[in-house]
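[1] test case, fold it:
(one chain, ligands or ions: 1)
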Amino acid sequence: KPPFSDRIQRVEPSATIAISNLAAELEAEGKDVVDLSVGEPDFDTPEPIKRAAKDAMDAGHVGYTSSNGIPPLKEAIVEKLHEDGLSQYGTENVIVTPGGKQALYEVFQTIIDDGDEVALLDPAWVSYEAMAKLAGGSLARVDTAAHGFDLEPALDDLAATVSDDTELLVVNSPGNPHGSVYSQEALEGVRDLAVEHDFAVISDEIYKEITYDGIEPVSLGTLEGMEDRTITLNGFSKAYAMTGWRLGYFAAPESIVEQAGKLQSHSVTCAVNFVQHAGVTALEEVDEQIEEMRDAFEERRDMLVDLFAEYDKDVPVPEGAFYIMLPVREDDQAWAEDAVEQAQVATVPGSPFGTPGYVRLSYAASTDRLREGVERLAEADLL
Ligand code: PLP
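    Predicted coordinates for the structure are as follows:
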């Protein structure tokens with residue numbers, strides 16, 4: 001008998017991180033890799049946030065904090081949630097975590113039992129599946145790729161997939177890897193099903209600040225009937241270019257927070273003290289830099305879509321986040337390997353997201369590097 005738990009053997013290592021590692025190995029060999037695999041902004045953390053962390057450290061904010069987070073950060077988070085129309089949440093509904101991933105992990109562990117059904121909208125970010133399996137959940141998947149990654153036309157499929165056995169659905173808008181922003185109507189469709197079958201929904205809003213063409217994403221928890229069945233999740237990694245700081249949170253009905261708080265207190269204890277202080281500054285003082293980064297992502301998205309059009313590649317145009325799904329001719333896993341080996345361009349195959357036949361490109365890279373990447377792919381006859 002192998003010395004490992006069944007639980008851990010149910011999951012594979014993160015596919016996105018695997019490709020980044022491969023790209024890093026090639027770079028270590030001296031190769032110039034255009035890395036379009038990473039899900040992190042290529043910007044430095046805005047200066048006021050760094051300064052706030054340094055000041056907090058100097059002021060002695062280096063010990064444990066209360067497990068669910070420091071009051072000023074929870075208050076700032078609640079203010080942001082209220083601005084987004086989520087007036088049902090108070091500070092008692094919030095847990096501050098070391099990253100959105102930890103928040104998700106805690107929610108899955110709190111809600112999902114062995115055999116409970118978790119529904120995902122494919123393509124779905126790779127960690128949802130892993131976290132559902134780690135909690136013992138079974139998966140029900142709905143494909144949106146056939147509908148250009150839009151949710152509204154996939155609602156019939158969702159209705160045919162979920163049932164009274166469904167415990168949890170994950171909605172990620174704007175989404176990784178698809179970049180779609182789901183409409184109010186689509187979310188109302190989700191709401192109707194959640195109410196009919198009495199399941200909870202995680203609304204992963206980590207890319208909420210990164211949308212294009214003036215689109216304003218709707219928060220699922222604002223819809224009537226969803227106030228008490230939505231777990232709203234967010235983090236600082238993407239909007240504030242704070243991936244390595246590890247700061248995120250979720251807001252949920254108090255009963256969920258009470259249960260999840262046990263896991264937080266027995267595992268990570270709390271998010272890093274001075275990082276939480278910096279989080280207050282991020283929420284309260286950093287608007288302009290977010291806009292600048294968002295504008296840069298939009299310019300890159302436009303450039304990529306135009307470039308692909310030049311090569312007669314028709315790609316679904318993302319409305320948010322910083323990923324684009326490129327349809328490929330052959331097996332996506334093989335394509336991604338060829339792209340790294342023949343063109344030194346790192347991407348992530350779509351299969352681990354539940355979308356074979358596509359690869360995910362991150363455009364959190366400079367316009368020069370993006371152009372270089374596309375040209376290399378074309379030269380290697382991969383477009
Ligand atoms: N949710 C989605 C959809 C993501 O893409 C990510 C990061 O890649 C996360 C959550 C978690 O990010 P973090 O743990 O850095 O907050």
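[2] can I get stretch 130-145 as CSV, trimmed to CA atoms?
    Taking Å, rounded to 0.1, in the frame of the first residue of the first chain, the C-alpha atoms of stretch 130-145 are listed here in CSV:
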residue,chain,number,x,y,z
ALA,A,130,-8.5,19.6,-7.6
MET,A,131,-10.2,21.2,-4.6
ALA,A,132,-13.5,19.5,-5.2
LYS,A,133,-11.7,16.1,-5.4
LEU,A,134,-9.6,16.8,-2.3
ALA,A,135,-12.9,17.4,-0.4
GLY,A,136,-14.2,14.1,-1.8
GLY,A,137,-16.7,15.7,-4.2
SER,A,138,-17.8,14.3,-7.6
LEU,A,139,-17.8,16.6,-10.6
ALA,A,140,-20.6,17.6,-13.0
ARG,A,141,-19.2,19.6,-15.9
VAL,A,142,-21.0,21.9,-18.4
ASP,A,143,-19.2,22.9,-21.6
THR,A,144,-19.4,26.5,-22.7
ALA,A,145,-16.7,26.3,-25.4
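[3] tell me the average confidence for it?
    Stretch 130-145 shows a mean pLDDT of 96.
[4] is any part of it close to the ligand?
    No - residues of stretch 130-145 are not located near the ligand by C-beta under 6 Å from any ligand atom, the shortest gap being 10.3 Å. In short, each C-beta sits where N, CA and C put it, glycine included.
[5] let me see the ranges of the strands in the protein.
    34-35, 94-97, 117-122, 138-143, 166-172, 200-204, 230-235, 248-251, 323-327, 345-346, 348-349, 358-362 (DSSP state E).
[6] can you pull out the low-pLDDT segments for the stretch 201-350 of the chain?
    Judged against pLDDT under 70, the stretch 201-350 of the chain has no low-scoring part.
[7] spell out which residues of it are next to the ligand.
    So the stretch 201-350 of the chain meets the ligand at 204, 206, 235, 237, 243, 248 (C-beta under 6 Å from any ligand atom).
[8] and which of those is nearest R229?
    Nearest to R229, judged by C-beta to C-beta, of those is D204 at 15.1 Å.
[9] what sits against that closest one?
    100, 104, 125, 170-172, 233 (C-beta atoms under 8 Å, 6 or more residues apart in numbering).
[10] and the two most separated of those residues?
    It's G100 and V171 that sit farthest apart of those, by C-beta to C-beta, at 14.3 Å.
[11] which residues of the stretch 1-150 of the chain lie near the ligand?
    Counting by C-beta under 6 Å from any ligand atom, the stretch 1-150 of the chain sits next to the ligand at 39, 99-101, 125.
[12] going along the chain, name the helices of the stretch 151-300 of the chain.
    155-161, 184-197, 254-266, 273-285, 288-310 (DSSP state H, counting those that start in this stretch).
[13] distance to Y323 added to those helices, as JSON lines?
    Formatted as JSON lines, the helices of the stretch 151-300 of the chain follow (distance: least, C-beta to C-beta, whole Å):
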{"stretch": "helix 155-161", "distance to Y323": "22"}
{"stretch": "helix 184-197", "distance to Y323": "19"}
{"stretch": "helix 254-266", "distance to Y323": "28"}
{"stretch": "helix 273-285", "distance to Y323": "23"}
{"stretch": "helix 288-310", "distance to Y323": "9"}
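[14] next one: stretch 32-50 to chain centre, how far?
    Put simply, stretch 32-50 sits 15 Å off its chain's centre (C-alpha atoms, centre = their mean, to the nearest Å).
[15] list the buried residues of it.
    33-39, 41-42, 45-46, 48-49 (16 or more other C-beta atoms under 10 Å).
[16] next, the distance between the ends of that stretch.
    30 Å (C-alpha to C-alpha, to the nearest Å).
[17] let me see the domain layout of the chain.
    Following the assignment in automatic domain parsing, the chain carries domains at 6-45+288-379, 63-284.
[18] so of those domains, which one's packed in deepest?
    domain 63-284 (a mean of 20; mean count of other C-beta atoms under 10 Å).
[19] can you read off the pLDDT for G39?
    At G39, pLDDT is 87.
[20] tell me who's in contact with it.
    So G39 contacts 16, 176, 238, 322-323, 362, 364 (C-beta under 8 Å, 6+ apart).
[21] list just the nearest of those residues to the ligand.
    Nearest to the ligand among those: N176, at 3.7 Å, using C-beta to the nearest ligand atom.
[22] what residues are up against the residue lying closest to that closest one once chain neighbours are set aside?
    Of all residues not flanking N176 in the chain, W125 sits nearest, at 4.7 Å (C-beta to C-beta, 6 or more residues apart in numbering). Applying C-beta under 8 Å, 6+ apart to W125 gives the contacts 172, 175-177, 204, 353.
[23] do the same with G137
    Counting by C-beta under 8 Å, 6+ apart, G137 has contacts 108, 112-113, 115-118, 167-168.
[24] try 6 Å
    112, 116, 118 (C-beta atoms under 6 Å, 6 or more residues apart in numbering).
[25] from S87, how far off is it?
    G137 is 31 Å from S87, where distance means C-beta to C-beta, to the nearest Å.
[26] now P174
    P174 is 22 Å from S87, by C-beta to C-beta.
[27] one more: S67?
    25 Å.
[28] then E75?
    For E75, the distance to S87 - C-beta to C-beta - is 15 Å.
[29] brilliant, that's me finished.
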